[in-house]
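In: next come a sequence and a model predicted from it.
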Amino acid sequence: MRQGFRFARGASLAGAFLALAFPGFGAPVRPVTPDASPEVRALLQALADISGSHTLTGQHNYPNIRSRNSDFAARHIGRTPVVFSTDWGHAKDGNTDSYLARPDIVDEAIRQHRKGSLVTICWHAIPPTADEPGTLRPLPGADPLKLASVHGRLTDSQFLDLLSPGTPLHEHWCAQVDAIAVFLKKLEAARVPVLWRPCHEMNGDWFWWGGRSGEHGTVALYRQMFDRLTRHHHLTNLIWVWSVDRPVKPGMEFHNYFPGADRVDILALDVYRNDFAQSYYDELVKLAKGKPIALAEVGNSPTPEILARQPRWAYYVTWAGMVRNTSRRQYDALLHDPRILNLEDPAYAEAMAAYRMACSLPPLRFNPPPLDFSGFWVLDEDRSSVGHKAAVFAPARMEVAQHGNEFTVKSTQIPEYTDNQVTEQKLSLGGPELKSELMGSPCVTKVRMSDAGDQLLVETVMEPSWMPPGAKLLVKDRWFLSEGGAVLTIQRTAALPQGDQMLTLVFNRG
């Protein structure tokens, strides 16, 4: 057993499991927040432990719609993203980015935390040259010296005043930060650790806080906020996520905006247009010096191939409204990649066991939803693999009605020489053998669930009318759903006299 593993009293077996499942388990990490809460310490340790072996999924939500984006992602993908991301907002009442949604955000964050999600929050703050609410982009004809939008740029003198105690802009900015601290304290009281992502994309020049290198630039603002929240407000529930954009032009290099290892817990990158360049990853890993790294925002989920080359991403968060940027086929590949952890995955529950204990919350327990094959299914010949003759015998359509353990399967075949042939079978999961007739041949069918509970296994013995008397044909089918339940795949093995034949029938939900 490698040195450095730390096991809680009475938890050596759990620790041993984690040491095997998560190779980084036990390397101690220390939060940058002074007197960090036990929840923060445990969560940061858990994220460090999975580094290099697992990546958590995540979804951003607009401030004024609670968890609607995450709920959509769960339905569309077929699994629930682990990380619940949101924003403190800046806009007027009724807008999806309304700053008046903050009490609801607190309630939703607490609910998400208790059900097992991890909470990350950023803040599209308006500049201290205006009062809330503001706009995302400057309005036509707006006074540039009274910037009231998230996008835009303060003058050099305004930014210097912002950093200088005693100036009106500094006092105004402190009041804005203090208003956010009120809600962070509510989460602290509820024992919710926050992956706090201030001044995000700070190496870019589109937000008013960003794109200023040097002693009196963006880094100074980040450090000022760190001190205000941790030393003035004494918040102990923050994990500090330093977030940058891709360095696509000179001046955006990561090191120009790094506020120091004493003020950063997690180093994060925002990636859009699938620009997962290896150089970005390598540079961030180098700068992190062992701290966890993450993809704080993505427009498309990283592929399994990317994650194989870049294994240390602790989590990724898909931005709101961009779930369907990623194809169902890629989601299916991610769902079957053991490195990717969603909320319902047992490995996620194991990884968060010590963290949940630190939060005085029960261990995560998820019963997988029962498989439901009900629906109208249409054969996709382009995605199927049926050999040179098997399409003749493959059903062109299937209608499946499932009620508990009982199945009614109506199959339609399209022969060239006669009318469509419709066959109906009634199957019982784990029940007695079913005797029926298929294409004029007597059949005996048995149905059971796979040991993992994720596949339906159908075994049929047929006495084909076109074979010599007494000859039998054994057909084994494996049914499974993918792409969020939109695709039914049947992998079929037929034991023929000339040798086994393997078929893959892919059906799209009609």
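Out: It's in.
In: so which elements touch whatever helix or strand V444 lives in?
Out: V444 is part of strand 441-449, with elements assigned from DSSP states H and E. Counting contacts by 3 or more Cβ pairs under 8 Å, 6 or more residues apart in numbering; DSSP states H and E, the secondary-structure elements packed against strand 441-449 are strand 421-428, strand 434-438, strand 456-462. All C-beta atoms are positioned from the backbone trio N, CA, C, and that covers glycine.
In: sheet partners, orientation included, of that strand?
Out: Strand 441-449 sits in its sheet next to strand 434-438 (antiparallel), strand 456-462 (antiparallel), going by DSSP bridges.
In: buried by neighbour count: which residues of the last one qualify?
Out: This means strand 456-462. 456, 458, 460, 462 (16 or more other Cβ atoms under 10 Å).
In: which other residues reach stretch 274-282?
Out: Counting by Cβ atoms under 8 Å, 6 or more residues apart in numbering, the neighbours of stretch 274-282 from elsewhere in the structure are 246-248, 269, 271, 293, 299-300, 302, 306, 309-310, 312-313.
In: which members of these are classed as buried?
Out: Neighbour counting over the contacts of stretch 274-282 (16+ other Cβ under 10 Å) leaves 246-247, 269, 271, 293, 299-300, 302, 306, 310, 312-313 as the buried ones.
In: on that earlier part again, and the helices and strands packed on strand 441-449: which comes nearest R223?
Out: strand 456-462 (57.6 Å; Cβ to Cβ).
In: any idea how far stretch 348-361 is from the middle of the chain?
Out: Centroid displacement of stretch 348-361 relative to its chain, using Cα atoms, centre = their mean, to the nearest Å, is 18 Å.
In: that stretch: which residues count as buried?
Out: Using 16+ other Cβ under 10 Å as the test for burial, stretch 348-361 gives 348-359, 361.
In: just stretch 249-264 next, same as before
Out: Under the neighbour-count criterion of 16+ other Cβ under 10 Å, stretch 249-264 has 252, 254, 256-259, 263-264 buried.
In: coming back round to it: going by mean pLDDT, which of the helices and strands packed on strand 441-449 comes out lowest?
Out: Among those, strand 434-438 carries the lowest mean pLDDT, a mean of 75.
In: now do it against strand 421-428, angle only.
Out: Relative orientation of strand 434-438 and strand 421-428, computed by axes from the mean of the first three to the mean of the last three Cα atoms, to 10 degrees: 170 degrees.
In: now for the longest helix along the chain, which elements pack on it?
Out: Looking across the chain with DSSP state H, the single longest helix is helix 168-189. Secondary-structure packing of helix 168-189 (3+ Cβ pairs under 8 Å, 6+ apart): helix 102-115, helix 156-163, strand 194-197.
In: run the chain-centre distance for whatever helix or strand Y331 lives in.
Out: Remark: Y331 resides in helix 328-335, with elements defined by DSSP H and E. What separates the centre of helix 328-335 from the centre of its chain is 12 Å, taken as Cα atoms, centre = their mean.
In: same thing with stretch 347-366?
Out: Centroid separation between stretch 347-366 and its chain, computed with Cα atoms, centre = their mean, is 18 Å.
In: now do stretch 33-52
Out: In this view, stretch 33-52 has its centroid 19 Å away from the chain centroid, taken as Cα atoms, centre = their mean.
In: for it, buried residues please.
Out: Within stretch 33-52, the residues that qualify as buried by neighbour count (16+ other Cβ under 10 Å) are 33, 36-37, 39-52.
In: so which of these are in helices?
Out: Per DSSP H, these map to helices at 39-50.
In: redo the residues you listed as TSV? Include distance to T408 and pLDDT.
Out: Compiled in TSV, those are given as follows (distance: Cβ to Cβ, whole Å; pLDDT from 0 to 100):
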residue	distance to T408	pLDDT
E39	50	98
V40	53	98
R41	55	98
A42	50	98
L43	48	98
L44	52	98
Q45	51	98
A46	46	98
L47	47	98
A48	51	97
D49	48	97
I50	44	97
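In: which of the residues you listed lies closest to P395?
Out: Using Cβ to Cβ, I50 comes nearest to P395 of those, at 43.3 Å.
In: where does the prediction get shaky in this protein?
Out: Across the chain, the stretches falling below the confidence threshold (pLDDT under 70) are 1-27, 368-369, 387-393, 438-439, 466, 497-498.
In: can you map out the strands along the stretch 1-150 of the chain?
Out: Secondary structure of the stretch 1-150 of the chain (DSSP state E, counting those that start in this stretch): strands located at 55-56, 58-60, 83-87, 118-122.
In: of those strands, which is nearest L221?
Out: Comparing the strands of the stretch 1-150 of the chain by their distance to L221 (Cβ to Cβ), the top pick is strand 118-122, with 14.6 Å.
In: strand partners of the closest one, parallel vs antiparallel please.
Out: The sheet places strand 118-122 alongside strand 83-87 (parallel), strand 194-197 (parallel), with pairing taken from DSSP bridges.
In: alpha carbons of that strand, as CSV, please.
Out: What follows is the C-alpha trace of strand 118-122 in CSV, where atoms were taken according to Å, rounded to 0.1, in the frame of the first residue of the first chain:
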residue,chain,number,x,y,z
LEU,A,118,-21.9,19.7,-5.9
VAL,A,119,-22.7,23.4,-6.1
THR,A,120,-20.6,25.9,-8.1
ILE,A,121,-21.5,29.6,-8.4
CYS,A,122,-20.1,32.4,-10.5
